[in-house]
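J.: Sharing a model that was predicted from the sequence below.
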Amino acid sequence: MLTKSLSVILSSKQCYSGVSGKIRAQKYVLTKYFQGEPKKSDFKVVEEDLRDLKDGEFLAEAEYLSVDPYMRAYMIGYKLPTDMIGGQVAKIIVSRNEKYPVGKYVTASFGWRTHTICNPAKYNKVASLLPLTLLPNIDPLPVSLALGVLGMPGNTAYFGLKEICQPTPGETIVITGAAGAVGSHVGQIGKILGCHVVGFAGTDEKCEYLQKEVGFDRAYNYKTANIKAALREGAPNRVDCYFDNVGGEISSTIINYMNKYGRIAVCGSISSYNDSTLPKATLLQPAIVLKELKMEGFLVNRWMDRWDEGINANLKWLNEGKLKYQEKVYKGFENMVEALVGILKGENTGKAIVKV
């Protein structure tokens with residue numbers, strides 16, 4: 001049972017019941033498959049009273065929740081109704097596990113919910129996109145970075161670029177979706193590795209940010225630029241590595257402009273996530289065959305056993321001032337759907353998160 005003192009502390013929050021000492025959690029349940037962009041009517045917000053903790057468990061309260069493009073694509077694979085997926089940074093508020101003490105923060109794939117009872121032994125046996133991680137003290141950096149440069153997006157950029165593209169100094173890297181959490185990070189790692197970096201983003205402001213703040217050599221607004229002309233100008237030596245976050249015709253154009261033995265890391269296809277039918281694009285096979293290109297899709301949990309390697313590398317670069325970041329912060333658990341729609345529309349520069 002919760003102690004009396006804890007009940008008093010928590011009773012001022014609407015999601016708790018201070019009378020019984022029980023905690024009432026809220027969660028998003030997907031009840032309809034997305035048609036076009038996600039809508040509030042696709043979800044039902046459900047309340048549930050949480051049981052008492054068992055030995056080995058802890059109770060965590062969400063502080064920041066992640067919204068990511070993959071969420072739009074993945075839900076078609078779940079049988080409805082189903083709890084909405086997603087990562088979060090949560091603070092441990094009650095614990096019966098000495099390895100997870102009260103006051104510490106964890107990151108995990110707890111989904112869109114306010115409170116979670118977790119048994120670490122069982123969690124780690126379940127396939128998940130985000131491992132259960134006890135956060136070290138990263139003061140003065142915000143704990144929200146565990147969902148961005150020090151979390152899944154950061155590791156996606158780190159492993160996707162280094163393991164699949166395998167760039168060498170002097171090579172040219174092109175990135176689409178370049179102002180997002182992953183794309184902006186990929187470009188910075190590319191510069192750290194001594195590469196020429198070109199990005200495509202959706203607004204002039206994002207392109208200015210990529211060039212002036214993040215350090216891209218060139219950045220172009222894909223909505224207004226002639227893609228072929230931009231490539232000729234920004235990548236005069238053609239493209240050795242392409243980090244693809246968007247798919248579509250722009251990807252076909254870039255791939256056809258690559259050098260022989262070029263490498264393509266396919267991270268996502270955000271350009272078509274809201275489409276009910278897949279758009280047509282120029283054939284890739286002639287370029288892949290004639291230029292002997294390597295094209296590989298990936299999910300970051302392939303490197304789950306090396307998760308700390310990526311986090312530590314990114315933290316080192318961050319502390320050295322070699323990585324910069326931005327966060328788009330939405331406020332309020334009730335605004336989860338708006339936040340998801342926002343990133344699919346390209347509202348964010350850097351990582352999008354929701355502060356509960």
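T.: Happy to help now that I have it.
J.: Show me what the helix or strand harbouring residue 219 is packed up against.
T.: Per DSSP states H and E, residue 219 falls inside strand 218-221. Applying 3 or more Cβ pairs under 8 Å, 6 or more residues apart in numbering; DSSP states H and E, we find strand 218-221 packed against strand 196-201, helix 204-209, helix 227-234. (Glycine included, C-beta is placed from N, CA and C.)
J.: These: which one's closest to residue 25?
T.: The closest of the helices and strands packed on strand 218-221 to residue 25 is helix 204-209. By Cβ to Cβ, the value is 36.4 Å.
J.: packing partners for the closest one?
T.: Applying 3+ Cβ pairs under 8 Å, 6+ apart, one finds that helix 204-209 contacts strand 218-221.
J.: Relative to the whole chain's centre, how far out is the strand it packs on?
T.: Relative to its chain's centre, strand 218-221 lies at 22 Å (Cα atoms, centre = their mean, to the nearest Å).
J.: which stretches of the chain form helices?
T.: Counting by DSSP state H, the chain has these helices, from start to end: 4-10, 70-74, 120-123, 152-159, 181-192, 204-209, 227-234, 248-255, 285-290, 307-319, 336-344.
J.: List the contacts of the residue most central in space within the chain.
T.: With distances taken as Cα atoms, centre = their mean, residue 153 lies nearest the centre of the chain, 4.3 Å away. Residue 153 makes contact with 68, 147, 181, 182, 185, 351, according to Cβ atoms under 8 Å, 6 or more residues apart in numbering.
J.: repeat that for 10 Å
T.: Applying Cβ atoms under 10 Å, 6 or more residues apart in numbering to residue 153 gives the contacts 66, 68, 87, 145, 147, 180-186, 300, 314, 325, 350-352.
J.: Find the nearest non-adjacent residue to residue 164, please.
T.: In this structure, residue 164 finds its nearest non-sequential neighbour in residue 265, 4.1 Å apart by Cβ to Cβ, 6 or more residues apart in numbering.
J.: If you could redo that for residue 218, that was the one I meant.
T.: Spatial nearest neighbour of residue 218, excluding adjacent residues (Cβ to Cβ, 6+ apart): residue 234 at 3.7 Å.
J.: May I ask you to confirm that that neighbour is in contact with residue 217?
T.: Yes. The pair residue 234 / residue 217 is scored as a contact, 7.1 Å apart, by Cβ atoms under 10 Å.
J.: what about these two, which has more around it?
T.: Remark: of residue 234 and residue 217, residue 234 carries more neighbours, 21 against 18, as counted by other Cβ atoms under 10 Å.
J.: residue contacts, the more buried one?
T.: 172, 174, 196-200, 216-220, 225.
J.: What is the burial count for residue 237?
T.: Residue 237: 10 surrounding residues under other Cβ under 10 Å.
J.: gap between residue 331 and residue 229?
T.: According to Cβ to Cβ, to the nearest Å, residue 331 and residue 229 sit 41 Å apart.
J.: And for residue 132?
T.: Residue 132 is 48 Å from residue 229, by Cβ to Cβ.
J.: Between these two, tell me which one has more neighbours.
T.: Ranked by neighbour count (other Cβ under 10 Å), residue 132 and residue 229 place residue 132 first, with 18 against 10.
J.: So for the residue lying closest to residue 341 once chain neighbours are set aside, what's the pLDDT?
T.: Sequence neighbours aside, residue 37 is the residue nearest to residue 341 in space, at 5.3 Å (criterion: Cβ to Cβ, 6+ apart). Looking at residue 37, its pLDDT reads 91.
J.: Pull out the buried positions in stretch 311-319.
T.: Judged by neighbour count using 16 or more other Cβ atoms under 10 Å, the buried positions of stretch 311-319 are 311, 313, 314, 315, 317, 318.
J.: How about stretch 227-247?
T.: For stretch 227-247, a neighbour-count test (16+ other Cβ under 10 Å) marks 227, 230-231, 234-235, 239-247 as buried.
J.: Alpha carbons of it, as CSV, please.
T.: The C-alpha trace of stretch 227-247 is given here as CSV (Å, rounded to 0.1, in the frame of the first residue of the first chain):
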residue,chain,number,x,y,z
ILE,A,227,16.2,19.0,-56.2
LYS,A,228,18.5,18.1,-59.1
ALA,A,229,19.9,21.7,-59.2
ALA,A,230,20.3,21.7,-55.5
LEU,A,231,22.3,18.5,-55.6
ARG,A,232,24.5,19.7,-58.4
GLU,A,233,25.3,22.9,-56.4
GLY,A,234,25.5,21.4,-52.9
ALA,A,235,27.1,18.1,-53.7
PRO,A,236,29.3,18.7,-56.7
ASN,A,237,31.2,15.5,-56.1
ARG,A,238,27.9,13.6,-56.1
VAL,A,239,26.6,11.6,-53.1
ASP,A,240,28.4,8.8,-51.3
CYS,A,241,26.0,8.2,-48.4
TYR,A,242,22.3,8.9,-48.3
PHE,A,243,20.3,8.8,-45.0
ASP,A,244,16.7,8.5,-46.1
ASN,A,245,14.0,9.6,-43.6
VAL,A,246,11.2,10.4,-46.1
GLY,A,247,11.1,8.2,-49.2
